[in-house]
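1. One predicted model, sequence on top.
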Number of protein chains: 6
Amino acid sequence: MYSVEISNHIMVAHSLKGEVFGPASQLHGLTAHVHVAIFAEELDENGIVIDIGNALEVLGEILQPLNYKNLDDLPQFRGHNTTVDFLCSYIYQRVCDAAYLHKLGREPRELSKVRVTITENPIARASYEAPLTASEAHE
Amino acid sequence: MYSVEISNHIMVAHSLKGEVFGPASQLHGLTAHVHVAIFAEELDENGIVIDIGNALEVLGEILQPLNYKNLDDLPQFRGHNTTVDFLCSYIYQRVCDAAYLHKLGREPRELSKVRVTITENPIARASYEAPLTASEAHE
Amino acid sequence: MYSVEISNHIMVAHSLKGEVFGPASQLHGLTAHVHVAIFAEELDENGIVIDIGNALEVLGEILQPLNYKNLDDLPQFRGHNTTVDFLCSYIYQRVCDAAYLHKLGREPRELSKVRVTITENPIARASYEAPLTASEAHE
Amino acid sequence: MYSVEISNHIMVAHSLKGEVFGPASQLHGLTAHVHVAIFAEELDENGIVIDIGNALEVLGEILQPLNYKNLDDLPQFRGHNTTVDFLCSYIYQRVCDAAYLHKLGREPRELSKVRVTITENPIARASYEAPLTASEAHE
Amino acid sequence: MYSVEISNHIMVAHSLKGEVFGPASQLHGLTAHVHVAIFAEELDENGIVIDIGNALEVLGEILQPLNYKNLDDLPQFRGHNTTVDFLCSYIYQRVCDAAYLHKLGREPRELSKVRVTITENPIARASYEAPLTASEAHE
Amino acid sequence: MYSVEISNHIMVAHSLKGEVFGPASQLHGLTAHVHVAIFAEELDENGIVIDIGNALEVLGEILQPLNYKNLDDLPQFRGHNTTVDFLCSYIYQRVCDAAYLHKLGREPRELSKVRVTITENPIARASYEAPLTASEAHE
């Protein structure tokens, strides 16, 4: 199994609802280092999983609406705790959507899975990994 | 599959028995950067795998008896070579035990696996990964 | 010249006033990796610049009132843009104050300078370095 | 499952054939940080997956013919695009070959898989992972 | 003294003339992680040394003509060994030039020095640091 | 001012004498990441401060007698607390000695200063920096 992993970062504010979060239930913020790995059983005819430049552009488009924002204010996150765990699966789904819209430059069926990792500080990170799956919007 | 990974470090002395270890059979030491990843199929009602603050506390309790020690002197390691490979599985078992003692704030059956990684220097690290398993003490 | 540098991090929200900041004038956030270096011409009788454990405790006390907060709401920052550049000099002054209050375990006159560096993301960091100086509160 | 991962780096020139590569189709270069992880279900009688010193030597021998070279000139890569994705599988096969030649100090059947990761810059890396497999030369 | 340091990277080929370089006298390549620190005695009215976004743009413009190139072919480097040491001073001069052309958004006389650091691999980096100085083109 | 910085690491045991060290007064260990920066006002005729390959060899020779050892047992450290602060100045002096023995491939008077930094864990490091100085053995 091959993979390529690309990275970018966003700087966001948010607060988390729930007793378990203690001081993190206050409005605070984080630099989220976002790493997206895309897996394929075989390389394409150019000898790559997917074009990294293209993938960085797609990731940039996914992150741009979140960057320099207070996530508590964004309609797409209403009713969700924007934990880094949740954000991993949110970005995972956006990457899958991009694949099904043929924005990754390769047939979706040739891509096997996607893993999103977010490092929030030097001692904590979260990850979500799953087979490429269409969100309801594409079914 | 979701995961959260937390990190801490200990500074220990030890020696390794066996011809294969060459100079490492002398008493020497290492800074062990310990990373513990805990995996779950689903997030809990707060949108997290487990509470990171809580997990850092559990890891601190596991590592505290080893920190600033000569591992050759510790009774729990008698008869074992305290290679980083072995220490990964040792810490793995302590994390599983904590899960079964409900110290991780989530039902053990909701957690699927645990991976422990130790970086010992910039060019070498070891890892152990397995499904959550009760040690004999809990069977 | 000797130095020791210790590190900690905080996760804060803030917004920056001024056209130059573009999207960073919106409420957003950051993980600030804070590094404090303390310099001395000579080691003390124990062979150290200062005790690292002690210094980490002092840094923890300085950062605790900022951690998991919206810096826009804190009275100590009223009238200031809480840029990482500014935060470096703010933390610098708190470290100097701790030195003059003999909290660093060594005579202030034996310490020559202090440098505070904040990494806010993988491509940007700020720093402030100056000789140990008493703030007006201690003059 | 246990693993050990060792690292080394090479500094190479190359060019990539194909429209998709844009400016990377020009002759350019990269520092390839190469990480090789070797997996085993059980530790050996010394408490290790394999000897790290030995593994570093094997990796050094694999990388030496590539280091400080223009990969476009090397006969072993004729007809291949030397993408980092491809180089991961190339190095993977050399590591497997070394295992079957008993250069890793452990029976090949005791090793379950090999993963090679190459970081080419701070925002892009590639990986190849597969069960230990003999190349045609050993069949 | 305040500073801000921004980072970017380029992937270049080159060869070095001179017996001392051994295998590096062959055509090879490197990922150059370029860090540019700009120093000022005082912050501006916005509480910053200079605008980081602006500085990243200037650095991007300086590096773009080098990225994905064989430095041996570039006219600006004719007669020079493009060691990372030399490249540090080359980029330093381009940053100074940008300052004197008022591209950094602050009066040149308010900026005291510039330091350029290039990391070429995990065990080697070079640096050049000097007061802001006009190149002959601006005198 | 130019500099090149090279890195290596050692894995050592030691204990520290003095109440201030708390648990670190027990026999424990550390991975010491050692960084040596050598400064020069001008590059040599090859366009370098000094040859990195050569410098790495010299650093390897300096560190080899310490690697995989218990520093408490080494005669050269009798009567010294082997704090990382002290080890920085010890290694600094060995690097200066090598320069005066013409092992660095450049006239000592062309080198202006040496800085040694040791990272002992992710939140603590020490440094010593001084002009190139002959130890008493060379006076």
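-> Received it, and whenever you're ready, just let me know what you need.
2. ok, the closest residue to A:H35 other than its chain neighbours to A:A40 distance?
-> Leaving aside its sequence neighbours, A:H35 sits nearest to A:T117 (CB to CB, 6 or more residues apart in numbering or on different chains; 4.4 Å). C-beta here means a position set from N, CA and C on the backbone, and glycine is covered the same way. Per CB to CB, to the nearest Å, A:T117 is found 18 Å from A:A40.
3. wait, is A:G29 part of a helix?
-> No. Counting by DSSP: H, G, I helix; E, B strand; the rest coil, A:G29 is not part of a helix but strand.
4. who's the residue nearest to it when sequence neighbours are not counted bridged to?
-> Nearest-residue entry for A:G29: C:G29, 1.1 Å, with adjacent residues in sequence omitted and distances by CB to CB, 6+ apart. Beta bridges link C:G29 to C:A13, judged by DSSP bridges.
5. In space, what's closest to the residue nearest the centre of chain A - neighbours in sequence excluded?
-> The residue lying closest to the centre of chain A (CA atoms, centre = their mean) is A:I91, at 2.6 Å. Closest residue in space to A:I91, ignoring its immediate chain neighbours: A:V116 at 4.7 Å, by CB to CB, 6+ apart.
6. ok, the one you found - contacts?
-> When contacts are counted by CB atoms under 8 Å, 6 or more residues apart in numbering or on different chains, A:V116 touches A:V34, A:H35, A:V36, A:A37, A:C88, A:S89, A:I91, A:Y92, A:V95, A:S127, A:Y128, A:E129.
7. residues near the fifth one, how many?
-> A:C88 is flanked by 27 other residues according to other CB atoms under 10 Å in any protein chain shown.
8. Give the other helices and strands that the host helix or strand of it contacts.
-> With secondary structure defined by DSSP states H and E, A:C88 is part of helix A:84-100. Here helix A:84-100 touches strand A:28-40, helix A:52-63, strand A:113-121, strand A:124-131, strand B:2-14, going by 3 or more CB pairs under 8 Å, 6 or more residues apart in numbering or on different chains; DSSP states H and E.
9. any idea of the mean pLDDT for that helix?
-> The predicted model gives helix A:84-100 an average pLDDT of 98.
10. between it and strand B:28-40, how big is the angle?
-> Using axes from the mean of the first three to the mean of the last three CA atoms, to 10 degrees, the direction of helix A:84-100 lies 70 degrees away from that of strand B:28-40.
11. Only the buried residues of helix A:84-100, if you could.
-> Under the neighbour-count criterion of 16 or more other CB atoms under 10 Å in any protein chain shown, helix A:84-100 has A:84-100 buried.
12. one step back: how far away is the residue nearest to A:H35 from B:S7?
-> Distance, A:T117 to B:S7, by CB to CB: 14 Å.
13. try A:H80
-> In this view, A:H80 and B:S7 are 26 Å apart by CB to CB.
14. Could you check which of these two has the larger neighbour count?
-> Comparing A:H80 with B:S7 by other CB under 10 Å, the one with more neighbours is B:S7, at 19 against 14.
15. In contact with the more buried one, which residues?
-> B:S7 neighbours (CB under 8 Å, 6+ apart): A:P122, A:I123, A:A124, B:H33, B:V34, B:H35, B:V36, F:P122.
16. at 6 Å what do you get?
-> A:I123, B:H35 (CB atoms under 6 Å, 6 or more residues apart in numbering or on different chains).
17. who's it bridged to?
-> Going by DSSP bridges, B:S7 is paired in beta bridges with B:H35.
18. Read off the pLDDT value for it.
-> Model confidence at B:S7 (pLDDT) stands at 98.
19. what number of residues lie near the closest residue in space to A:T83 that isn't next to it in sequence?
-> Once flanking residues are discounted, A:T83 sits nearest to B:G47: 4.5 Å by CB to CB, 6+ apart. Residues near B:G47, counting by other CB under 10 Å, number 19.
20. does B:G47 really touch A:V84, like I thought?
-> No. Taking contacts as CB atoms under 6 Å, B:G47 lies outside contact range of A:V84: 9.6 Å.
21. rewinding a little: can you pull the contacts of the residue nearest to A:T83?
-> B:G47 sits in contact with A:N81, A:T83, A:F86, where contact means CB under 6 Å, 6+ apart.
22. Kindly provide the distance from the second one to chain C.
-> Okay, so that is A:T83. 13 Å (CB to the nearest CB, to the nearest Å).
23. go on, the first one?
-> Look at A:N81 and chain C: by CB to the nearest CB, they are 15 Å apart.
24. residue contacts, that residue?
-> Contact analysis of A:N81 by CB under 6 Å, 6+ apart lists A:L16, A:K17, B:G47.
25. Let me know the secondary structure of A:A134.
-> Put simply, A:A134 is coil when judged by three-state DSSP.
26. What is the burial count for the residue lying closest to A:E129 once chain neighbours are set aside?
-> Nearest non-adjacent residue to A:E129, counting by CB to CB, 6+ apart: A:R115, 3.8 Å away. A:R115: 20 surrounding residues under other CB under 10 Å.
27. Point me to the residue of chain A nearest chain B.
-> A:N81 (3.7 Å; CB to the nearest CB).
28. Is that residue in a helix, a strand, or coil?
-> Three-state call for A:N81 (three-state DSSP): coil.
29. Just want the phi and psi numbers for the closest residue to chain D within chain A.
-> Per CB to the nearest CB, A:G47 is where chain A lies closest to chain D, at 3.7 Å. A:G47 adopts backbone torsions of phi 90, psi 30, taken as degrees, to the nearest 10.
30. From D:A13, how far off is it?
-> With CB to CB as the criterion, A:G47 and D:A13 are 17 Å apart.
31. and what of A:V34?
-> Noted for A:V34: a distance of 31 Å to D:A13, by CB to CB.
32. who has more neighbours, those two?
-> Ranked by neighbour count (other CB under 10 Å), A:V34 and D:A13 place D:A13 first, with 27 against 21.
33. A:Y2 against A:V49, yeah?
-> Yes. With contact defined as CB under 6 Å, A:Y2 reaches A:V49; the gap is 5.0 Å.
34. Can you pull out the low-pLDDT segments for chain A?
-> A:136-139 (pLDDT under 70).
35. Enumerate the residues of it near chain B.
-> For chain A, the residues in contact with chain B (CB under 6 Å from any CB of the partner chain) are A:18, A:20, A:81, A:83, A:85-86, A:123-129.
36. Tell me the residue of chain A that sits nearest chain F?
-> Closest contact between chain A and chain F, by CB to the nearest CB, is at A:P122 (6.3 Å).
37. Quick check: phi and psi on that residue?
-> The phi and psi values for A:P122, taken as degrees, to the nearest 10, are phi -70, psi -10.
38. so who does it touch?
-> Shown in contact with A:P122 (CB under 6 Å, 6+ apart): no residues.
39. Swap in 8 Å and give it another go.
-> Taking CB under 8 Å, 6+ apart as the contact definition, A:P122 lies against B:S7, C:S7, C:H9, C:H33, F:P122.
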